[in-house]
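Participant: show me how the following folds:
(chains A and B, ligands or ions: 2)
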Amino acid sequence: MLEIKNLTKSYGDVVALDRFSLDLKKGEVLGLLGPNGAGKTTLISILAGTVRDFTGTVTFEGRSLFADRSMKNRLGVVPQDMAFYDDLNAMDNLLFWGGLYDVPRADLKRRAAELLEVVELSDRAKEPVKNFSGGMKRRLNTAIGLLHKPDLLLLDEPTVGIDVQAKVSILDIIRSVGAAGTAVIFTTHQLAEVEGTCSRIAIMDHGRILAQGTLDALIRIVGEKDIVEFTGEFAAAAFSEALQDLAGDGLELLSVADGLASLAVADTGRIPKVMDRLFQRKLAVTDMKIKTPSLETVFLKLTGRSLRD
Amino acid sequence: MRRFFLVLANDIRRHLRSPWTLLIFIAIPLFMTALIGIIFAPRSEGNELPSIPVLVVDNDKGLGSKLLVGAFDADQLKKMFQVTLTDQADGDKRMAKGKASAMVVIPKGFTLDLLEAKPVTLLVVKNPAEQFLPDVVEEFMKTIAVMLSGAVQAFAEEVKGLRAMLNLKLDSFPWERLAPEFGKAQKKVVAAAKFLDPLLIRLKTEETRAAGARPPVTAYSIFAVILPGMAIMFLLFIVQTVMRDLLSDREDGKLRRMLTTPLRPLELIGARIAGGWIMGLLVLAVMVAVGTLVFRVAWGPFGYFLLLAAVAAFWTAAFFALFHALVRSRNQAGALGAPIILAFSLFGGSMMNPEVMPKAFKAVGIVTPNRWFIDGAALVREGRFPVLSLVVLFASGLVLLALAVPALRRRASV
Ligand SMILES: Nc1ncnc2c1ncn2[C@@H]1O[C@H](COP(=O)(O)OP(=O)(O)O)[C@@H](O)[C@H]1O
Ligand SMILES: [Mg+2]
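Facilitator: Ligands and ions are numbered 1, 2, ... in the order given. The predicted structure follows:
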């Protein structure tokens, strides 16, 4: 349904997207996972038509997504900003933003009422939006992108900065929109969100997809290895050097920074040897954690950084 | 085209829904007109208005009450009022004897309450034996009260802008170095922000009015000279406020969201400019109506005036379209907008009669819309068709529009 080929976009020397390619089928929900600066917003913006001067192609059902203005009726966009009128109430916002699409007025009204129900704002529909909490605003922001029943829905960090309840509600909506046949791409830098919501997960960094597949497929990438994370007060160079000759053969340095390093080990029996070596070199390790394979360890292995930093 | 009207209707509805700013922008020029009119109006009998004896009871004795008393002492007003400061008991006694036209009582804690943005009430006691003079005092106090609480409210956005400027680094905009006077004024405005709540100063009048109609004393023709100048100045303020959407929607992502819909950038820009124009016309219509009903201004042939108003509002909308295309941020718009409008008004004749203006001012004035609108309104008043004003305002408006639209389109596509 959607085919993205070799999408490249640079801002001066910064390459925000680097030959980015992706296929998406009808009803598929793709979670695009990447740290800050990975290029997620740039991708969404190009697809949404608000960022230009890129190379590469995007086709939607065989036609260029940017071929003509009517294609925009097929596309729903939920931007990272809370983009609506604070001084209007929720209903009026829905009617205004939905009105910008080619939806018959009567359908629009019915649909707006339905969506207010879905995002649990029906009883606050007539209240100025500026009185809403962050979570309520996020839900309204999401609802606005769904009014015209798009075939392709793009959401940029739709759950940023809100409470758990609102988060769950938005993820539910995303899931059901996918189940109804809409292709969905949503970006996030929170692992827990993609695990239950997406039919497919893509991990991106530096403007490219590093790996994609179902959760299980991704976890297989790290194999059966455990991840060991060390924290303390040590220099990155000294740490690498200490373990240099142990590397290979069931032990792999994943990422090493000052005070924080992680290794992948084939079996935990090798850990005492690593500790010995670190003590010999007088490296001040204060804490050590063993993590069994999960999306987080996949992410760590692929991007060399933890999502938290 | 449907989407053009959708955006236009939505914008206008939003502006009308929060009408406080609009009302203030309409009220201030009307009160200023009233004040100036009352002070400078030539008396019909040709004899000077007698100096009005006013008693002031200052129970506050603070900075605020000093300022208020000082207002009576201002240049032009000195001739008009003869102020006696006194205490409550003595004031009451004198009023009972009919020794003054009115007594103004400033309550205890006036200054402090104002500083804490608490509403305060000024009491005006009028002498029932006199007919016109007590009303002048009341009118004067009303004007002072509204101007003080209202002006600050109306400039809230500007005050915010100025406040933000205080936080800017000097290297990004060295106001302090470029214009020390402006820096000083800015501090005053920021301090005035404490008075933000509207109509903090309320007026209470006590009177036992003598029966019988009072003869109109002021010559209304003076309002007809002042009001057009005020109207164009506040038209500029209102249209600037209304068209700020061009910037704010860009800053908070609404513009980007609109561009993901089938709405064309040109439809959006057109709707925003049309919105500014319509709101401007609306405001002029209210001022004209009040001018006619309250100040009995005769504007001249209605059609001519309507045309002049439409063209002036068009010029203003085109100007602020360009302004908001060039300005970098909302703060910058807030900080630059007011000085530009005030400069237009100063050189264009909104603030003083062009006849008494220095030559250099008058020469500069021809680039301002104020000048052409005021000249045009004067012609219309004489029943003449203001050809030159219409042509100049419309043609220069078109040029502004031709510059603004591509500039706005460029800023719309990221
Ligand atoms: N308008 C812009 N101008 C310059 N650089 C930009 C701009 N937008 C994004 N970038 C850069 O492109 C990269 C990708 O940014 P973005 O797509 O916003 O990442 P993400 O949404 O994944 O955090 C970053 O390095 C960012 O600094
Ligand atoms: Mg982003």
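Participant: ligand 1 contacts on the stretch 1-150 of chain A?
Facilitator: Residues of the stretch 1-150 of chain A found near ligand 1 (C-beta under 6 Å from any ligand atom) are A:Y11, A:V14, A:A16, A:G34, A:N36, A:G37, A:A38, A:G39, A:K40, A:T41, A:T42. Glycine gets a C-beta too; all of them are placed from N, C-alpha and C.
Participant: my read: the third one touches A:K9, true?
Facilitator: Yes. Using C-beta atoms under 8 Å, A:A16 makes contact with A:K9 at a distance of 5.0 Å.
Participant: between these two, what contacts are shared?
Facilitator: With contacts defined as C-beta atoms under 8 Å, 6 or more residues apart in numbering or on different chains, the residues shared by A:A16 and A:K9 are A:G39, A:T42, A:G207.
Participant: quick one: contacts for the last one?
Facilitator: Think A:G207. A:G207 makes contact with A:T8, A:K9, A:V15, A:A16, A:L17, A:D18, A:F20, A:A38, A:G39, A:T42 under the criterion C-beta under 8 Å, 6+ apart.
Participant: got it, and the first one?
Facilitator: If a contact means C-beta under 8 Å, 6+ apart, then A:G39 has A:K9, A:A16, A:L17, A:D18, A:F20, A:M204, A:H206, A:G207, A:R208 as its contacts.
Participant: tally of neighbours for the closest residue to A:D163 other than its chain neighbours?
Facilitator: Excluding its sequence neighbours, the residue lying closest to A:D163 (C-beta to C-beta, 6 or more residues apart in numbering or on different chains) is A:G135, at 5.1 Å. When neighbours are defined as other C-beta atoms under 10 Å in any protein chain shown, A:G135 has 19 of them.
Participant: low-confidence ranges, the chain, go.
Facilitator: In the absence of a named chain, chain A is used. Counting by pLDDT under 70, chain A contains low-confidence ranges at A:222-224, A:305-309.
Participant: that's the wrong chain, I wanted chain B
Facilitator: Across chain B, the ranges flagged by pLDDT under 70 are B:36-50, B:74-79, B:114-118, B:131-132, B:143, B:146-203, B:207-222, B:353-356, B:413-414.
Participant: and the residue lying closest to B:N59 once chain neighbours are set aside, how many residues sit next to it?
Facilitator: The spatially closest residue to B:N59, leaving aside those adjacent along the chain, is B:K108, at 4.4 Å (C-beta to C-beta, 6+ apart). Around B:K108 there are 14 other residues, counting by other C-beta under 10 Å.
Participant: one step back: only whichever of the contacts of A:G207 are buried, select them in ChimeraX.
Facilitator: Provided next is the ChimeraX selection string for whichever of these are buried by 16 or more other C-beta atoms under 10 Å in any protein chain shown:
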select /A:9,15,16,17,18,20,38,39,42
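Participant: now the helices for chain A?
Facilitator: Using DSSP state H, the helices assigned to chain A run over residues A:40-48, A:90-99, A:105-118, A:134-144, A:164-179, A:191-197, A:215-221, A:236-243, A:271-280, A:295-303.
Participant: pretty sure B:A325 is in contact with B:M243, am I right?
Facilitator: No. At 10.3 Å, B:A325 and B:M243 do not qualify as touching, with contact defined as C-beta under 8 Å.
Participant: residues from the stretch 101-250 of chain B in reach of ligand 1?
Facilitator: So far as C-beta under 6 Å from any ligand atom goes, the stretch 101-250 of chain B does not lie against ligand 1 anywhere.
Participant: so which of the shared contacts of A:A16 and A:K9 is the closest to ligand 1?
Facilitator: Each of the shared contacts of A:A16 and A:K9 was scored against ligand 1 by C-beta to the nearest ligand atom, and A:T42 proved nearest at 3.4 Å.
Participant: would you mind measuring from the closest one to B:F110?
Facilitator: Per C-beta to C-beta, to the nearest Å, A:T42 is found 58 Å from B:F110.
Participant: excluding chain neighbours, what is closest to the residue in the stretch 251-400 of chain B positioned nearest to ligand 1?
Facilitator: At 11.4 Å from ligand 1, B:R256 is the closest residue in the stretch 251-400 of chain B, using C-beta to the nearest ligand atom. Residue nearest to B:R256 in three dimensions, not counting chain neighbours: A:T50, with 4.9 Å by C-beta to C-beta, 6+ apart.
Participant: can I assume B:L123 sits in a strand?
Facilitator: Yes. When the secondary structure is assigned by DSSP: H, G, I helix; E, B strand; the rest coil, B:L123 falls within a strand.
Participant: host element of the nearest residue to B:W299 once chain neighbours are set aside?
Facilitator: Counting by C-beta to C-beta, 6+ apart, the nearest residue to B:W299 once its immediate chain neighbours are dropped is B:F305, at 4.8 Å. Counting by DSSP states H and E, the secondary-structure element that holds B:F305 is helix B:302-326.
Participant: now do B:W299
Facilitator: Using DSSP H and E, no element contains B:W299; it sits outside every helix and strand.
Participant: where along the stretch 151-300 of chain B do the strands fall?
Facilitator: Chain-ordered strands for the stretch 151-300 of chain B, with DSSP state E, counting those that start in this stretch as the definition, fall at B:201-206.
Participant: list, one by one, the residues from it near chain A.
Facilitator: Counting by C-beta under 8 Å from any C-beta of the partner chain, the residues of the stretch 151-300 of chain B close to chain A are B:D252, B:G253, B:K254, B:R256, B:R257, B:M258, B:L259, B:T260, B:T261, B:P262, B:L263, B:R264.
Participant: how about the contacts of A:G207, which pair is most distant?
Facilitator: A:T8 and A:A38 (14.7 Å; C-beta to C-beta).
Participant: dump the residue contacts of A:L65.
Facilitator: For A:L65, the residues meeting the contact criterion (C-beta under 8 Å, 6+ apart) are A:L2, A:L47, A:G49, A:V58, A:T59, A:M71, A:L75.
Participant: chain neighbours aside, what residue packs nearest to the second one?
Facilitator: Right, A:L47. Looking at A:L47 with C-beta to C-beta, 6+ apart, the closest residue is A:L154, at 5.7 Å.
Participant: from ligand 1, how far out is that neighbour?
Facilitator: When C-beta to the nearest ligand atom, to the nearest Å is the yardstick, A:L154 and ligand 1 sit 12 Å from each other.
Participant: so that residue bridges to which residues?
Facilitator: Residues in a beta bridge with A:L154, per DSSP bridges, are A:V77, A:I185.
Participant: just give me the neighbour total for it.
Facilitator: That count, for A:L154 with other C-beta under 10 Å as the rule, works out to 24.
Participant: can I assume it is in contact with A:R74?
Facilitator: No. In this structure A:L154 lies outside contact range of A:R74 using C-beta under 8 Å: 11.4 Å.
Participant: who's A:G31 bridged to?
Facilitator: Under DSSP bridges, the beta-bridge partners of A:G31 are A:F186, A:I201.
Participant: doesn't A:T188 make contact with it?
Facilitator: Yes. Judged on C-beta under 8 Å, A:G31 makes contact with A:T188 at a distance of 6.5 Å.
Participant: any idea which element the closest residue to B:L123 other than its chain neighbours lies in?
Facilitator: Distance criterion C-beta to C-beta, 6+ apart; nearest residue to B:L123, sequence neighbours excluded, is B:V105 at 4.0 Å. Of the helices and strands defined by DSSP H and E, B:V105 is found in strand B:102-106.
Participant: and for that strand, what's in contact with it?
Facilitator: Applying C-beta under 8 Å, 6+ apart, the contact partners of strand B:102-106 are B:52, B:54-60, B:65, B:68-69, B:88, B:91, B:94-95, B:122-127, B:133-134, B:137-138, B:141.
Participant: among the residues you listed, which ones are in strands?
Facilitator: Judged by DSSP state E, the subset of those located in strands is B:I52, B:V54, B:L55, B:V56, B:V57, B:D58, B:L122, B:L123, B:V124, B:V125, B:K126.
Participant: looking at these, spot the one nearest B:A377.
Facilitator: Taking C-beta to C-beta as the measure, B:A377 lies nearest B:I52 of the ones in strands among the contacts of strand B:102-106, at 32.1 Å.
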